[in-house]
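>>> Quick one: sequence and predicted model below, then my questions.
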Amino acid sequence: MKRKFLIAALLALAISFAGCTANTNTTTPPSSTTTSIQTTTPSSLEGTSATQLETTVESVYANTNQSVVNIQVNLQASASNPGGGALGSGFVWDTLGNIVTNNHVVDGATRITVTFYDGSTVEASLVGTDVDSDLAVVKVNTSDVDVYGIKLQPVSVADSTQLKVGQMAIAIGNPFGLEGTMTVGFISGLGRLLSANQNAVGPTYSIPDIIQTDAAINPGNSGGVLLDLTGKLIGVTNSIDTTTGTNAGVGFAIPSKIVQQVVPPLISSGHYEHPYLGISVITLNPDLAKAMALPSTQRGALVETVTTGSPADKAGIKASNNPTTINGQQVNVGGDVIIAFNGETIKSSDDLIAFLARSGVVGQTATLTVLRSGKQTQIQVTLGVRPSS
């Protein structure tokens, strides 16, 4: 499902992946651990409170750093990366040797090695990838790890749907190959959308529920962990908004809710099947509502197009086919307005994408509550498998 915009952005910022820092000589990074702690202590946290916060953060690092790894990949040499290598981060998922990272960290890799917190380096194999969530799983042989006396310590996972803006967030990864680097900040925003595959030739999709943080994230951090103050995973660090290629205080992480859905199938089958409706939608705003003779306060996701033969098409979802001009821009209106998905209120196109990703299951019969010509009705749709991007 594509997300489209009625109004073009006034300012274009480069979206830079935070974890594919080119490694021009493909040598193993230094095994020594470099720890960088960045904290801002407001006056309300001075004294005892500040000391308690420092103790908490130190404890999170001590308990979690052993679970975070440095991932080095060999790639086919190219004009943009003549050294044919890149560095990223990852973290231990289970005691069987499965390690989670970003897809863009290992995409195209001809060789993958994993370096643990103590500098021990072992070979890894690719288990599964999912371009549309930008997640991947690689695996180390537990017998190789045993040689170094390393105990695989999985990261505990929190429920990212319970997060609130203003909560503290801790990022641990390997920016610029500096292993075991920790930065601290806040959750700056929730519910962001990120393009899943900017190089896609076919359909393109968005990753919903993205976490925005001001904890410093830089090239090399991708695939690392974003934690809460209990040391549990709330997201996988992924990318940054930047005009310079380095951190500008706007970083993004894939939420743990999506990680928990995608990773187990990647381990068991090597791929993940995303639920699919086969529609493109836009957020119903007051102008669109007025053009459709709806109350200006009405919210929902207006169906723009329906893909022929898709689950939505088979269920009879109606697309917008009535052209009109709004603020000098021609748009189509008149389609179904989706206002609920399985009973969950839909106020925007982002809401629909998020609910479909969170709770949709391939083969599941979902109930869409829609407004059609101003009248509310319910439509049953059997979710299909989303085509690959």
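Arrived safely, thanks for sending.
>>> first to last residue in stretch 289-308, what's the distance?
One end of stretch 289-308 sits 26 Å from the other (C-alpha to C-alpha, to the nearest Å).
>>> Which positions in that stretch come out as buried?
289, 291-292, 294, 298-307 (16 or more other C-beta atoms under 10 Å). Quick note: C-beta positions are derived from backbone N, CA and C, even for glycine.
>>> and what of stretch 59-72?
Neighbour counts using 16+ other C-beta under 10 Å place Val60, Tyr61, Thr64, Asn65, Gln66, Ser67, Val68, Val69, Asn70, Ile71, Gln72 of stretch 59-72 among the buried residues.
>>> quick one, domains of this structure?
What the record gives for the chain is the domain set 17-32+46-272, 275-385, from automatic domain parsing.
>>> What residue, apart from its backbone neighbours, is nearest Arg302 spatially?
Heads up, residue 302 is Leu, not Arg. Leu284 (4.7 Å; C-beta to C-beta, 6 or more residues apart in numbering).
>>> TSV for the buried residues of stretch 59-72, including distance to Asp146?
TSV is the format used below for those (distance: C-beta to C-beta, whole Å):
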residue	distance to Asp146
Val60	27
Tyr61	25
Thr64	22
Asn65	20
Gln66	15
Ser67	17
Val68	20
Val69	16
Asn70	19
Ile71	20
Gln72	21
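>>> Mind checking which of those are in strands?
Secondary structure defined by DSSP state E assigns Val68, Val69, Asn70, Ile71, Gln72 of the buried residues of stretch 59-72 to strands.
>>> now for those residues, which pair is the farthest apart?
Val68 and Gln72 (14.2 Å; C-beta to C-beta).
>>> pLDDT weak spots in the stretch 201-350 of the chain?
Scanning the stretch 201-350 of the chain for pLDDT under 70 picks out 201-203, 242-248.
>>> now the strands: where do they sit in it?
Here the stretch 201-350 of the chain has its strands, by DSSP state E, counting those that start in this stretch, at 206-213, 225-227, 233-242, 251-255, 275-276, 279-283, 301-306, 322-326, 329-333, 337-341, 344-345.
>>> could you give the angle of the third one to strand 206-213?
It refers to strand 233-242. 90 degrees (axes from the mean of the first three to the mean of the last three C-alpha atoms, to 10 degrees).
>>> Report the inter-axis angle for strand 233-242 versus strand 251-255.
Interaxial angle, strand 233-242 versus strand 251-255 (the same axes, to 10 degrees): 150 degrees.
>>> what's strand 233-242 packed up against?
Applying 3 or more C-beta pairs under 8 Å, 6 or more residues apart in numbering; DSSP states H and E, one finds that strand 233-242 makes contact with strand 14-17, strand 85-92, strand 168-173, strand 206-213, strand 225-227, strand 251-255, helix 256-269.
>>> go with 7 Å
strand 14-17, strand 168-173, strand 225-227, strand 251-255, helix 256-269 (3 or more C-beta pairs under 7 Å, 6 or more residues apart in numbering; DSSP states H and E).
>>> The fourth one pairs with which strands?
I take that to be strand 251-255. Strand 251-255 pairs in its sheet with strand 206-213 (antiparallel), strand 233-242 (antiparallel), by DSSP bridges.
>>> Report the angle between the last one and strand 85-92.
Note on geometry: by the same axes, to 10 degrees, strand 233-242 and strand 85-92 are set 150 degrees apart in direction.
>>> Any buried residues in strand 233-242, and which?
Leu233, Ile234, Gly235, Val236, Thr237, Asn238, Ser239, Ile240, Asp241, Thr242.
>>> Adding distance to Met182, write these out as CSV.
Formatted as CSV, the buried residues of strand 233-242 follow (distance: C-beta to C-beta, whole Å):
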residue, distance to Met182
Leu233, 14
Ile234, 15
Gly235, 15
Val236, 16
Thr237, 12
Asn238, 17
Ser239, 19
Ile240, 17
Asp241, 21
Thr242, 20
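>>> so which pair among those residues is furthest apart in space?
Spatial extent of the buried residues of strand 233-242 (C-beta to C-beta) is set by the pair Leu233 and Thr242 at 24.1 Å.
>>> circling back to that earlier point, among the strands of the stretch 201-350 of the chain, which is nearest Ala366?
Of all the strands of the stretch 201-350 of the chain, it is strand 337-341 that lies closest to Ala366, at 6.5 Å by C-beta to C-beta.
>>> Can you spell out which helices and strands pack onto the closest one?
Using 3+ C-beta pairs under 7 Å, 6+ apart, the elements in contact with strand 337-341 are strand 301-306, helix 349-359, strand 365-372.
>>> What strands line up against it, and which way round?
strand 301-306 (antiparallel), strand 344-345 (antiparallel), strand 365-372 (antiparallel).
>>> Which of those sits closest to Lys139?
In terms of C-beta to C-beta, the element of the strands paired with strand 337-341 nearest to Lys139 is strand 365-372, at 34.0 Å.
>>> Report the angle between the closest one and strand 279-283.
Interaxial angle, strand 365-372 versus strand 279-283 (the same axes, to 10 degrees): 50 degrees.
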